[in-house]
Every structure is written in structure tokens, then in C-alpha cells.
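>>> what's the 3D shape of this:
(one chain, ligands or ions: 2)
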Amino acid sequence: MRREVLDSLIERALGGDKLAIGKLLTVLEQPTPEAGYVLSRLAPRAGRAHVIGVTGIPGAGKSTLISKLIAEFRRRGYRVAIAAIDPSSPLTSGALLGDRLRMQLHTTDPGVFIRSVPTRGLRGGLALASIAMIEAFDGLGFDKIIVETVGVGQAETDIMHVAHTIVVVTMPGAGDDVQALKAGVMEIGDIYVVNKADKPEASRTIEYVKFAIETGEVGSRRYGWEPPVIRTSATLGQGIEELADAIDRHYKFLSERGLLREKLTSRRKLMLRLMAGRLISSVLESIEVPEPRLDASIYDQAVELLARACRAATGRC
Ligand SMILES: Nc1nc2c(ncn2[C@@H]2O[C@H](COP(=O)(O)OP(=O)(O)OP(=O)(O)O)[C@@H](O)[C@H]2O)c(=O)[nH]1
Ligand SMILES: [Mg+2]
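Ligands and ions are numbered 1, 2, ... in the order given. From the prediction side, this is the model:
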């Protein structure tokens, strides 16, 4: 795509044109020079958005909750972007279809943009594509960027490093509740939600989660933050205001302590790291190894190739 075409897409996207935003995000899915150009144009505008990671056990109601949260955030005057990271498990594809339908209810609203990140066919990897998307949403002026993930696995853990606020969603009867919360990023939630509070066992689950936070088993207490436990029923629309309040309170907490910028920096560092990894892989993939001779000489080749790539890029090495 030529520069002029990209420039005009960027202008239209900045004006809120959803079609243009969608096209830009497609450009950003692959690590190409075009993607780099788009990021270099949008990144100077980024740094104002509040990035919220919503994670938790499968089926806890994350998508339903997010669709209600979108409406609440819109009432508060925010522009909202959602990045839903598709779990690759085919088991969840039915639920995902449901997700999209539920979430798409908001798509006629110009202040809402929803996008799924495909897990397949991403040359740069899931995390790189997702972070590029977040950077773009931020540069395009969205106030709240919500990232839905299942919260386990490296790609998702990486993504959580870019979220200012991590919301962990659980539900009653999810087996051993505390153990379920002690996986990956769920352990370091800033806000815990017990969804499906319309179910009778909800109170017990809330007690469990509160206890786990009090005893320091789970919950992020960075800088003295006290992770709240919010009781919601996404389907009945209960507890949504309280959840939005808690999210805004956490943002204010970070902002008053000058901690928002830190995440922007860590997001960019992570992006550079992922890009470096991608570059190194593509250099190494160019080594041709005839299978029977997969001997130690490939290391020499690898070192030589990387040194050459490094010299070409920097003039040093
Ligand atoms: N009873 C009850 N059911 C709910 C509630 N919230 C969501 N559900 C139902 O739970 C099921 C899963 O909801 P989703 O929103 O798809 O859950 P999810 O956490 O996004 O699921 P995955 O993305 O597949 O991990 C759906 O059938 C919802 O209708 C709630 O508050 N109460
Ligand atoms: Mg979902």
C-alpha cells in the first residue's frame, strides 16, 4: 500500500471512520514496513488511553460483562475500543460466535470499536499483533481499551504487561475457586469480579476470593492498592456501575501517582522485544539445513547470519 493511501486511511481513522480503522488494523496484523509506518504516525498521539485487561476462566461471562461495561462507559462519555483475543481452542468457537453477536450490538455506535485478533496466520505472533492494535487504538484517541483474554499462556501474559488495570473474572461453582484464580495473570488482578451472582453459591465464592486477597494469595497490591471484589450479574446487568467505578478508581489511583506512563513504556519495550525476536527468527529461518546433516555447523551459520544482519542494520557488530 502506498504512503498516500495509508496517510488518507490514517486521516479518516482519526476522524472516527470505522471502515478506515478496520483497514488500518488489518495492515497492523503483519510485521511489514507499512505497519511500521502506520505505527510511527499513530504512536506520537498515544499515551492517553486506559488499557484494561479482562481475563478469567473460560465461560465466566467476560464477553457478556464487557458488552455491559461498554454501555456503562459510553454513558460516562468515553470512547471505547475492544480487542478480543480469540482462544485457539475449537471448543470455544461456539461461545465466540455468541461473543461477537452480543458485542456487535454496539457497532452502530461511532464511539465503540470491536475487533477480534485472529490467532492463526499472524507472522509476527499474537502478542505483537495485539500490542500493535492497542497502540493504534490509543493513538486514534480511544479513552478505554478493553482486552479480553483467557489469561493463560505466554502471549496473553505478555499482553497483560501492557494493561494498566487487570480485571479477573470468576464465577460460582468453578471448582476450587482459589486455585482457579492462581493461574498466570489471574493471580495479579487489580480488581476481582465474581460474575453470575444470580446463582445461589455466589456469596460463598465472594468470601473465598476476599479471603484469598486478604491472605495475600492473590491480588496486586502494588503501591498500596487494595484489590476490590465486585459482585456482578452480567446477564441481569447488576453490579456493572460498581465495576466501572472500580476501574475508574484504579485509573485515578495510578494517575495520581504518576504511574500511567510506566505502562506505556513497558508496552513499547515489549513491542521492541517481540519485533527483535521476529527479526531474528526470520534471519534464522533463511538457513537451509538438509535434514540428515543437521549438525553443529548450523550454529556457526546462525552466528554468521545474525552478525551479518546486525552489521547491515547498524554498521556495527
Ligand atoms: N446466570 C448467568 N449466566 C451468565 C452471566 N454472565 C454470562 N452468563 C452466561 O455464561 C455463558 C458464557 O458467557 P460468556 O460471556 O461467553 O463468557 P466468557 O467468559 O466470555 O467465555 P469465553 O470467552 O469462552 O472464555 C453464556 O451462556 C452467558 O449467557 C450471569 O451473570 N449469570
Ligand atoms: Mg468471551
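>>> what number of residues lie near Asn313?
Wrong residue type there; residue 313 is Ala, not Asn. Neighbour count of Ala313, defined by other Cβ atoms under 10 Å: 10. For every residue, glycine as well, the C-beta is placed using N, CA and C.
>>> quick one: whatever helix or strand it lives in to chain centroid distance?
Using DSSP states H and E, Ala313 sits within helix 297-314. In terms of Cα atoms, centre = their mean, to the nearest Å, the centre of helix 297-314 is found 33 Å from the chain centre.
>>> Low-confidence bits of the stretch 1-150 of the chain, can you list those?
Where the stretch 1-150 of the chain drops to pLDDT under 70, the residues are 86-107, 119-124.
>>> which residue packs closest to Gly61, ignoring adjacent ones?
Spatial nearest neighbour of Gly61, excluding adjacent residues (Cβ to Cβ, 6 or more residues apart in numbering): Asn195 at 4.1 Å.
>>> residue boundaries of the strands in the stretch 101-250 of the chain?
In the stretch 101-250 of the chain, strands defined by DSSP state E, counting those that start in this stretch lie at 112-117, 144-148, 165-170, 191-194, 229-231, listed in chain order.
>>> How about the residues of the stretch 201-317 of the chain by ligand 1?
Ser233, Ala234, Thr235 (Cβ under 6 Å from any ligand atom).
>>> In the protein, which helix is the longest?
In the chain, assigned by DSSP state H, the helix with the most residues is helix 260-285.
>>> now the angle between helix 297-314 and it, please.
Put simply, helix 260-285 runs at 130 degrees to helix 297-314, going by axes from the mean of the first three to the mean of the last three Cα atoms, to 10 degrees.
>>> Closest residue of the protein to ligand 2?
Per Cβ to the ion, the residue of the chain with the smallest distance to ligand 2 is Ser63, at 3.4 Å.
>>> Now that residue, what are its backbone angles?
When read as degrees, to the nearest 10, the backbone of Ser63 gives phi -70, psi -40.
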